[in-house]
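Peer 1: Quick check, what structure comes out for this input:
(one chain, ligands or ions: 1)
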Amino acid sequence: MNSNPPLTNVQARDLDAILHPYTPLHTLPQTGATVIDHGKGVYVYDTQGNEYIEGMSGLWCAGLGFGNEEMVEAATQQMRSLPYYHLFGGMGIEPAIELAEKLKELAPVPISKVFFTSSGSEANDTQVKLAWYYNNARGKPEKKKIISRIKAYHGVTIMSASLTGLPYNHKGFDLPIDRVVHTECPHYYRFGQDGESEADFVTRLATSLRELIEREGPDTIAAMIAEPVMGAGGVIVPPKGYFEAIQPILDEYDIYLIDDEVINGFGRTGNWWGSETLGMTPKTISAAKQLTSAYAPLGAVMLPEDIYQAFVDHSRQIGTFGHGFTYGGHPLGCALGVKAIEIYQKLDILSHVRSLIPVFEARMKKIADHPIVGEARYCGLMGGVELVADKATKQPFDASVGIGPKAATLARQNGAIFRAIGDTLAVCPPMIITAEELNALFDRMEKALDDTEFLAKKDNLR
Ligand code: PMP
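Peer 2: Residues are numbered from 1 along each chain as shown. This next block holds a predicted model:
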């Protein structure tokens, strides 16, 4: 029996017309969509007038929150002067040049060129094509496989979904495709063995990576892709020394490291780049999301000079560099990228984020003690709260219970939006949030956890 209230008119229209991404399509008709109407600061409001603290910055992206007038003004000016142009065939536009210059300045490693896309998936898809192109250019045509990790999230195009290491992105889609291999996930709480220290866990993962490379053949592997902190796989923060342990192995086999900064980039971890926080030294970088604070779609791939020079040499032999998207480097996205970075710098967003980290940490530590929380993990202003049926044994709830989505729904009823990644509630608020708003967000999360525990007991969910 459906105990949910009847759908509103707008919910009925939504159900009638929209194929919702990442949604259990079979249960949506009972609940209907939460249709968001407008937003201001860290708050969004649905069509029924309910207010929510947006605890996820939308999809980890609206770092400046909602309704930023300077962004609106920059968008308006760009739309008036040049709503569209492209970079194909040697054409150029100033907002793209300016943004590429800014990215080169901010980059954590020497970057020579920036290639623009419209999304994170396109950026990672491009990374793979460029790795192939690069190895063809330098006479190593066998070196093509990409290593990714179990629970990684790198997007949903055919290749980026193949890089992604989550079952629901593969199941039913005939993925992953060839040329992608997954190594172990650096999640100590879930994958550390009985009696194994964090340091031993890191050593085991490094050994396992080496074995994978040797099994596949080092001459067949081009690159490894990794997020500093894994976001959409459940906010997984690798243990200390993880990247320091795996990078020398990659170097030894001439496998370069692609840094996926789509979530981590632009201050989220307290530095411009997650790689700086996590001790990672990448060769190339993917960015999107907070690049424009999500005020317009934009992605970027950042490349060093030696890769670029190999492309130039290759172009001499085979002709045009045949890759590019109609909207890659769209003037609106680039103008908003320039403005977002300008605002981050003006607000000194890194200092602001760092000033909030102790509050975030204190609240997460308290949440870790909640009876249905197995682990509350965090880095900078992003966290994951993993719900378990038994705290002592780490026993998860039965998957059919869907405790994560239930908790996210209860949180919405308490005025806070989090994202359920399986049974982990992700939290990643706009970086402009104040300490008071952050405390209010965590108050609502605690209330939702209490409500979830109550529900689990009442309905005997295990
Ligand atoms: N990489 C990472 C790390 C991401 O989190 C995401 C999106 N959540 C993507 C890539 C894909 O980006 P998009 O959804 O813009 O294609």
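
Peer 1: Could you measure from the residue of the stretch 201-350 of the chain found nearest the ligand over to Gly63?
Peer 2: Of all residues in the stretch 201-350 of the chain, Val262 sits closest to the ligand, at 3.5 Å by C-beta to the nearest ligand atom. In this view, the C-beta of every residue, glycine as well, is placed from N, C-alpha and C. Distance, Val262 to Gly63, by C-beta to C-beta, to the nearest Å: 12 Å.

Peer 1: And Leu103, by the same measure?
Peer 2: 16 Å.

Peer 1: okay, these two: which has more neighbours?
Peer 2: Ranked by neighbour count (other C-beta atoms under 10 Å), Leu103 and Gly63 place Gly63 first, with 30 against 21.

Peer 1: what kind of secondary structure is that one in?
Peer 2: coil (DSSP: H, G, I helix; E, B strand; the rest coil).

Peer 1: Spit out the contact partners of it.
Peer 2: Applying C-beta atoms under 8 Å, 6 or more residues apart in numbering to Gly63 gives the contacts 57, 266-268, 289-290, 293-294, 340, 344, 349, 430-432.

Peer 1: Phi, psi for Lys143 please.
Peer 2: Phi and psi for Lys143, reported as degrees, to the nearest 10, are phi -90, psi 90.

Peer 1: What of the one 3 residues further on?
Peer 2: Here the main-chain torsion angles of Ile146 (degrees, to the nearest 10) amount to phi -120, psi 130.

Peer 1: For Gly233, see how far away it is.
Peer 2: The value you get for Ile146 to Gly233, if C-beta to C-beta is used, is 17 Å.

Peer 1: hmm, back to that, could you tell me which of the contacts of Gly63 are located in helices?
Peer 2: Mapping those onto helices (DSSP state H) picks out 57, 340, 344, 349.

Peer 1: low-confidence ranges in the stretch 101-250 of the chain?
Peer 2: Counting by pLDDT under 70, the stretch 101-250 of the chain contains no low-confidence segment.

Peer 1: Tell me where it has strands.
Peer 2: 113-117, 145-149, 180-183, 221-226 (DSSP state E, counting those that start in this stretch).

Peer 1: could you dump these to TSV with mean neighbour count?
Peer 2: Below are these laid out as TSV (neighbours: other C-beta atoms under 10 Å):
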stretch	mean neighbour count
strand 113-117	23
strand 145-149	25
strand 180-183	20
strand 221-226	26
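
Peer 1: Output the ones you listed as a markdown table; include the columns distance to Gly192.
Peer 2: Listed next are those as a markdown table, based on distance: least, C-beta to C-beta, whole Å:
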| stretch | distance to Gly192 |
| --- | --- |
| strand 113-117 | 36 |
| strand 145-149 | 16 |
| strand 180-183 | 16 |
| strand 221-226 | 19 |
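
Peer 1: tell me which strands and helices the longest helix along the chain is in contact with?
Peer 2: Ranked by residue count under DSSP H, the longest helix found in the chain is helix 435-458. Packing partners of helix 435-458 (3 or more C-beta pairs under 8 Å, 6 or more residues apart in numbering; DSSP states H and E): strand 51-54, helix 349-368, strand 382-387, helix 403-413, strand 416-417, strand 424-427.

Peer 1: For the ligand, give me its nearest residue in this structure.
Peer 2: Gly120 (2.3 Å).

Peer 1: Do I have it right that that residue meets Val262?
Peer 2: Yes. Applying C-beta atoms under 8 Å as the test, Gly120 and Val262 come out as touching, 3.9 Å apart.

Peer 1: and of the helices and strands packed on helix 435-458, who's closest to Leu166?
Peer 2: Smallest distance to Leu166 across the helices and strands packed on helix 435-458 (C-beta to C-beta): 12.0 Å, for strand 424-427.

Peer 1: Could you tell me the end-to-end distance of stretch 164-182?
Peer 2: 9 Å (C-alpha to C-alpha, to the nearest Å).

Peer 1: Mind listing what's buried along it?
Peer 2: 164-166, 169, 175-176, 180-182 (16 or more other C-beta atoms under 10 Å).

Peer 1: Turn those into a markdown table, including distance to the ligand.
Peer 2: Shown next, in a markdown table, are the buried residues of stretch 164-182 (distance: C-beta to the nearest ligand atom, whole Å):
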| residue | distance to the ligand |
| --- | --- |
| Thr164 | 8 |
| Gly165 | 12 |
| Leu166 | 11 |
| Asn169 | 11 |
| Leu175 | 15 |
| Pro176 | 15 |
| Val180 | 15 |
| Val181 | 18 |
| His182 | 15 |
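
Peer 1: Go through the residues you listed and say which is closest to Tyr188.
Peer 2: Gly165 (17.0 Å).

Peer 1: quick one, what contacts the closest one?
Peer 2: 148-153, 182, 185, 233.

Peer 1: please redo it, this time with the cut-off set to 6 Å
Peer 2: 148-152, 182 (C-beta atoms under 6 Å, 6 or more residues apart in numbering).

Peer 1: Quick one: the residues you listed as TSV, columns for distance to Lys40 too.
Peer 2: TSV is the format used below for those (distance: C-beta to C-beta, whole Å):
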residue	distance to Lys40
Ser148	38
Arg149	38
Ile150	39
Lys151	35
Ala152	34
His182	41
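
Peer 1: tell me which parts of the protein are close to the ligand?
Peer 2: For the chain, the residues in contact with the ligand (C-beta under 6 Å from any ligand atom) are 59, 119-121, 124, 153-155, 227, 231-232, 260, 262-263, 288.

Peer 1: hmm, try it at 5 Å
Peer 2: 119-121, 153-155, 227, 231-232, 260, 262-263, 288 (C-beta under 5 Å from any ligand atom).

Peer 1: among those residues, who's most crowded?
Peer 2: That'd be His154 among these, by other C-beta under 10 Å, with 34 neighbours.

Peer 1: Hmm, that one is touching Leu163, no?
Peer 2: Yes. Proximity of His154 to Leu163 meets the contact threshold set by C-beta atoms under 6 Å, at 4.0 Å.

Peer 1: Please name the residues that touch Glu142.
Peer 2: Counting by C-beta under 6 Å, 6+ apart, Glu142 has contacts 219-220.

Peer 1: how about a cut-off of 10 Å?
Peer 2: Going by C-beta atoms under 10 Å, 6 or more residues apart in numbering, Glu142 touches 135, 217, 219-222.

Peer 1: again, but for Met445
Peer 2: Contacts of Met445 (C-beta under 10 Å, 6+ apart): 53, 55, 363-364, 367, 370, 376, 383, 385, 407, 411, 414, 416, 418, 425, 427.

Peer 1: Cheers, nothing more for now.
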